[in-house]
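Enquirer: This is a predicted model, with the sequence first.
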Amino acid sequence: MEIKNFIKSLKVMHLFLVVGLSIFTIWVIIQINSFNTSTNGDNVYLYLIPVLALLGYFGSQMIFKKMTARIKIENQLVDKLKKYQSALHLKYALIEIPAFLGLFVYYSTGNALPVVISICLLAYLFVQKPNKENIVNSLPLTSEEKNIVQNS
């Protein structure tokens, strides 16, 4: 497996997720074109979205760390990278799903709280861009494997 191509594919996947969520966010905001800040108790989704966002944010970190912690240093570099990729996909999904749900709730209610939460999750997803340093810091790599990743 070519490390450079692996990192490039992760970056492309991340870019598509961020761009897709950004376009959908802009589209929803343009469609509604108003903000309602009412927090009356008749809409359960206004309480559910913040909870799901917190679960997505903290859950993505926790599950990513658990999945990468299970990777053994004895494994081949290719296996480590595949497991890292799986952990990263799940991390991104746990961030993106609550963001999409928040946008759907904003689209149906016009309340500003879900769209603000979705934009915050989008910003967090944006800063989670994969790079060589994250791979080296997240995986149990031998010194030889670290050199391979850093010099690719």
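Expert: Looks like it came in fine.
Enquirer: pLDDT of the lengthiest helix in the chain, averaged?
Expert: Determined from DSSP state H, the single longest helix within the chain is helix 77-109. For helix 77-109, mean pLDDT is 94.
Enquirer: what packs against that helix?
Expert: With contacts taken as 3 or more C-beta pairs under 8 Å, 6 or more residues apart in numbering; DSSP states H and E, helix 77-109 sits against helix 3-32, helix 45-69, helix 112-126, helix 132-138, helix 143-150. C-beta: built from backbone N, CA, C; applies to glycine.
Enquirer: Buried deepest among the ones you listed, which one?
Expert: Highest mean neighbour count of the helices and strands packed on helix 77-109: helix 112-126, a mean of 20 (counted as mean count of other C-beta atoms under 10 Å).
Enquirer: helices and strands around that helix, which ones?
Expert: helix 3-32, helix 45-69, helix 77-109.
Enquirer: Can you name every helix or strand that the second one contacts?
Expert: Contact partners of helix 45-69 among helices and strands, from 3+ C-beta pairs under 8 Å, 6+ apart: helix 77-109, helix 112-126.
Enquirer: and of the helices and strands packed on helix 77-109, who's closest to His89?
Expert: Closest to His89 of the helices and strands packed on helix 77-109 is helix 3-32 (C-beta to C-beta; 7.8 Å).
Enquirer: What's the mean pLDDT across that closest one?
Expert: pLDDT averaged over helix 3-32 gives 94.
Enquirer: by how many degrees do that helix and helix 143-150 diverge?
Expert: 50 degrees (axes from the mean of the first three to the mean of the last three C-alpha atoms, to 10 degrees).
Enquirer: orientation of helix 3-32 relative to helix 112-126 in degrees?
Expert: Going by the same axes, to 10 degrees, helix 3-32 makes 170 degrees with helix 112-126.
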